[in-house]
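Visitor: below are the sequence and a predicted model for it; my questions follow.
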Amino acid sequence: MADYSQKRFLVIDDQPQARDALRTVAQTLGAFAVEFAANYQDAIYRIRNNTPDIILCDYMLGEGRSGQQLLEELRRFKLLQDETIFVMVTGEQSYEQVVSAVELVPDDYIIKPFSPDKLLLRLDRIVAKKSFFADYYREKRKEEYAQAIALLEKKRGSEAGRPYRFEILRQQAEVLLASGDSTSAETAYRGILESHDFPWARAGVARALHKQNRLTEARREIDRAITGTPHFFDAADLKATICMAQGEHAEAQKILDEVAKKTPRNFLRKRLLAEAATLNGDSDAARIAMADVIAGDTMPGAVSAEDRLALSRSHVNAGDKISGEQVLIGMREAEVQNLNLAEQASFAALLAICSPEKGKPRFAGLRPALLATELGATARLDVMRAALSITDNELADLHAEQLMAGPEARKTFGSIRNQYALHGREKDFREIQKQVALKRIRHEEAAPAAGAENGIESS
Amino acid sequence: MHRLLDILASGIHDTKNQLFSAESLIAMSEAKHRIDLSEVRYAIELAANRLSRTLTAYQLMRHNARLAIVPSIVADLCAEVALAQKHHLASRGITLSIDCQALDDWPLDRDLVTDMLNNAVQNAGQAARHKIRLSAIEQGDELILRVEDDGPGFGTIPPTSGTGLILAEKLAVLHVRQKRHGSLHLSNGGALGGACFELRLP
């Protein structure tokens, strides 16, 4: 039995009675200190400021939020180290369905009612598992991926590793994906599927295929992962992301809209919804989603410059340049100073569109950088649009061409075509499209195709 | 869509929360006054398990039961059954022994399988004279979980009553892996000479 007398517990539950019960259980184990959090916000605050050793979190947190969402947010914001124990506590049998499907899982979950002894048994086995994986967790945190994978490989062949076969395989696949080796990650997830058809492993295959830009296959796998797992919301996000990459923006928006209704306070999902709505030309939905994110996401530092740019963009798309400009000039000076190049590009581009006299000088000042630097698809679209609006055709065409030749061609195709049409340059658009196609053919003749499908069928 | 199911599930959820409060209060009293009220807690857990099982049975009858398959450590599963039952059985002069030879983790519905085994051990407790044995072994590509006792054995096979057994059979079959299904086998005369409950999982 591990010693819990030096451990700090955090109990998260919105029901006072249930909180007391959990405290009693923790105290019976001899816990050194038991803290409480009555809601989501409070929980994040406490975990940020003074990470507990053991978190007991109820699945139902009220206010449209769940313990699962908390767990996902903590992991994504790297507020929860692998060494911290997170146990979900639930009276709901339906949480088992969640845990068996999703990619981000707690260390364990326990169904109420349970005795202190049962929790002790569960905690002891988590402690044993964490000590088995301790050296791996260290390498993973340092992002020493090769080292981490080597450690897992060694554990996989060991006798002590036998109770953790699936956990080792799962960690291997995750690290491979994190390290950027999506081909090996795909193989690893497929290996797990040979043993059992876990939805999370199928989603992993889809994720790896998406990274390789093998979109049709990715779509097929994610559809299979979603079938029969209505609780697997992350899979819906992934499916929507794949749909966007395929240029199917209406479908992406529809999927996200449905899931967002079930998870009204998941603001990462709302951001994704805004992106899909923007690409789909539904500027109202995009604006509502972004306004909701900015007003509602109270995670400290969560609302970023990128979010304000997205809100401004949604106003611009709706034809409301005054509101678009207000969002931009309402940004704090320090925030504007700290923008990275892509954000600077979007900021200048959107301002130039909203208010040419204010925005043009800044945009002109960035022009040399914009001609020379690689940018993400969103920033490129903004720059292209601003350039079209001030008839800087050279700059506009450069970005249009690079978008259409790049991996996000399908995603941005509709937006590019619309903007060129709006400025009466359909002919030039078709010319750029032709040039990109010709270059690709020449390129493929020189080096036979690798199987990625980033081409666009001519339309 | 499943309105009745939702009402049942939420009622059961609330009840289990209240049972948890009761159990915690009892545990606190035990610690405070240095007394043993484990039989009271056992009764509470039995009631909660019974409620969960009723919900599962309802879902099975409605054909919308879905398993939640997670990789599970078989030894831990056996340890949990021992924790839940051993003390109670000992108070009735019955020894529960555990023999787990399955070292690998196994994909199964952890909570349902634990419940099936708990139920089987409880049933065995009704008939056993002195001994019950829970064992786990990997054989070929199957995991075999057995509950055996030294009682008179099943009167008829299959037994004429027992929701738990009917449920166990259906839940066993729902465990599918590479097109192989799980199964339940009841027999008499096992290692201890009495009833033998055998669950085979792919």
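Guide: Received the coordinates, thanks.

Visitor: got any ranges where chain B has weak pLDDT?
Guide: B:1-2 (pLDDT under 70).

Visitor: check the gap between B:Gly190 and B:Ser183 for me.
Guide: Relative to B:Ser183, B:Gly190 is positioned 17 Å away (Cβ to Cβ, to the nearest Å). Just so you know, the C-beta spots here come from the backbone N, C-alpha and C atoms, and that holds for glycine as well.

Visitor: the more surrounded of these two?
Guide: B:Gly190 (19 against 15; other Cβ atoms under 10 Å in any protein chain shown).

Visitor: helix, strand or coil for the residue lying closest to the more buried one once chain neighbours are set aside?
Guide: Among residues not flanking B:Gly190 along the chain, B:Cys196 sits closest, at 3.2 Å (Cβ to Cβ, 6 or more residues apart in numbering or on different chains). Per DSSP: H, G, I helix; E, B strand; the rest coil, the secondary structure class of B:Cys196 is strand.

Visitor: let me see the contact set for B:Cys196.
Guide: Counting by Cβ atoms under 8 Å, 6 or more residues apart in numbering or on different chains, B:Cys196 touches B:146-148, B:185-190.

Visitor: try 6 Å
Guide: B:148, B:187, B:190 (Cβ atoms under 6 Å, 6 or more residues apart in numbering or on different chains).

Visitor: which residues in chain B form strands?
Guide: B:70-73, B:95-100, B:105-108, B:131-139, B:142-149, B:176-177, B:180-181, B:183-188, B:195-201 (DSSP state E).

Visitor: is the third one in proximity to chain A?
Guide: Yes. For a cut-off given as Cβ under 6 Å from any Cβ of the partner chain, strand B:105-108 has contacts with chain A, namely B:105, B:107.

Visitor: now for that strand, which elements pack on it?
Guide: strand B:70-73 (3 or more Cβ pairs under 6 Å, 6 or more residues apart in numbering or on different chains; DSSP states H and E).

Visitor: ok, residues contacting the strand it packs on?
Guide: By Cβ under 6 Å, 6+ apart, strand B:70-73 touches A:100, A:163, A:166, B:105-108, B:110.

Visitor: ok now it, how far from the chain's centre?
Guide: 16 Å (Cα atoms, centre = their mean, to the nearest Å).

Visitor: can you tell me the element whichever residue of the stretch 151-300 of chain A sits closest to chain B falls in?
Guide: The stretch 151-300 of chain A approaches chain B most closely through A:Phe166 (3.5 Å), counting by Cβ to the nearest Cβ. Applying DSSP states H and E as the criterion places A:Phe166 in helix A:165-178.

Visitor: just A:Val89 next, same as before
Guide: With DSSP H and E as the test, A:Val89 turns up in strand A:85-90.

Visitor: one step back: need the contacts of strand B:70-73 in JSON lines (columns: distance to A:Asp382 and neighbour count).
Guide: Output for the contacts of strand B:70-73, formatted as JSON lines (distance: Cβ to Cβ, whole Å; neighbours: other Cβ atoms under 10 Å in any protein chain shown):
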{"residue": "A:Ser100", "distance to A:Asp382": "42", "neighbour count": "23"}
{"residue": "A:Pro163", "distance to A:Asp382": "52", "neighbour count": "22"}
{"residue": "A:Phe166", "distance to A:Asp382": "45", "neighbour count": "21"}
{"residue": "B:Asp105", "distance to A:Asp382": "50", "neighbour count": "21"}
{"residue": "B:Trp106", "distance to A:Asp382": "52", "neighbour count": "26"}
{"residue": "B:Pro107", "distance to A:Asp382": "48", "neighbour count": "22"}
{"residue": "B:Leu108", "distance to A:Asp382": "51", "neighbour count": "26"}
{"residue": "B:Arg110", "distance to A:Asp382": "50", "neighbour count": "24"}
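
Visitor: ok, of the residues you listed, which one's closest to A:Ala218?
Guide: A:Ser100 (22.2 Å; Cβ to Cβ).

Visitor: list the contacts for that closest one?
Guide: Contacts of A:Ser100 by Cβ under 6 Å, 6+ apart are B:68-70.

Visitor: switch to 8 Å and redo it
Guide: With Cβ under 8 Å, 6+ apart, A:Ser100 has these contacts: A:198-199, B:67-70, B:109.

Visitor: now it, nearest residue through space, not along the chain?
Guide: B:Ala68 (3.8 Å).

Visitor: distance of that neighbour relative to A:His249?
Guide: In terms of Cβ to Cβ, B:Ala68 sits 34 Å off from A:His249.

Visitor: what's the answer for A:Gly281, then?
Guide: A:Gly281 is 8 Å from A:His249, by Cβ to Cβ.

Visitor: same check on B:His63?
Guide: Counting by Cβ to Cβ, the gap from B:His63 to A:His249 is 37 Å.

Visitor: more neighbours, these two?
Guide: Each of B:His63 and A:His249 has its neighbours counted (other Cβ under 10 Å); A:His249 has more, 23 against 6.

Visitor: the more buried one contacts A:Ala276, doesn't it?
Guide: Yes. If you go by Cβ atoms under 8 Å, A:His249 and A:Ala276 touch, sitting 5.9 Å apart.

Visitor: identify the contacts common to these two.
Guide: A:Cys243.

Visitor: the domain parsing of the chain - what is it?
Guide: Defaulting to chain A. Following automatic domain parsing, chain A resolves into domains at A:1-126, A:133-224, A:339-446.

Visitor: ah, I was thinking of chain B
Guide: Domain assignment for chain B by automatic domain parsing gives B:3-61, B:70-201.
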